[in-house]
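>>> Structure for this input, please:
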Amino acid sequence: SSYQLSSVPLQILFYINGIYYIFYFLATLAMIVYKSEAFSYPADFLAPDLALLFIMAILEVLRLYLALCFLRGSKGNLTEEEAPLGLSLVITVGSVILSVYFLVWQTYVLKADVILNALLLFTYGLESVLKVVAIAAFV
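Sure, this is the predicted structure:
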């Protein structure tokens, strides 16, 4: 008899996090543009902030690709393979560090930045716990 070990809550969270990250990226980009116009944003800091946001977007695409079902077939959770989920978990660490940067260390931090990043960090934490549980079930 075959048992399904993939995690439905994890799969739902991947989907929600993917949608939320699109909103997060666009909102953060808009806020960086706003801050560069409304405040005396040092030119030396604008480019790195934008570059880190785009690096974070690339990491997010890789992280979710390793966990979700795309054109070339299922990865991670759906195929019940621990390696793609483990790699996705490692990439999550980089995304968490960048989120903390935007929460604490970027040039100007608005209340909206705090709210957006706190929610993102919460979803990363919940997703990481569910990934560890799923990996343990697969092994």
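>>> Check the residue most central in space within the chain and give its pLDDT.
The chain has Glu60 as the residue nearest its centroid, 4.7 Å off, counting by C-alpha atoms, centre = their mean. At Glu60 the predicted local distance difference test score is 92.
>>> Give the other helices and strands that the worst-scoring helix or strand of the chain on mean pLDDT contacts.
With mean pLDDT, DSSP states H and E as the measure, the helix or strand of the chain carrying the lowest mean pLDDT is helix 82-100 (a mean of 89). When contacts are defined as 3 or more C-beta pairs under 8 Å, 6 or more residues apart in numbering; DSSP states H and E, helix 82-100 sits against helix 43-65, helix 111-138. Where C-beta positions appear, they are placed from N, C-alpha and C, glycine not excepted.
>>> Next, the angle from the first one to helix 82-100.
Here helix 43-65 runs at an angle of 160 degrees relative to helix 82-100 (axes from the mean of the first three to the mean of the last three C-alpha atoms, to 10 degrees).
>>> Pull the distance from helix 43-65 to the chain's centre.
Between the centre of helix 43-65 and the centre of its host chain there is 11 Å, according to C-alpha atoms, centre = their mean, to the nearest Å.
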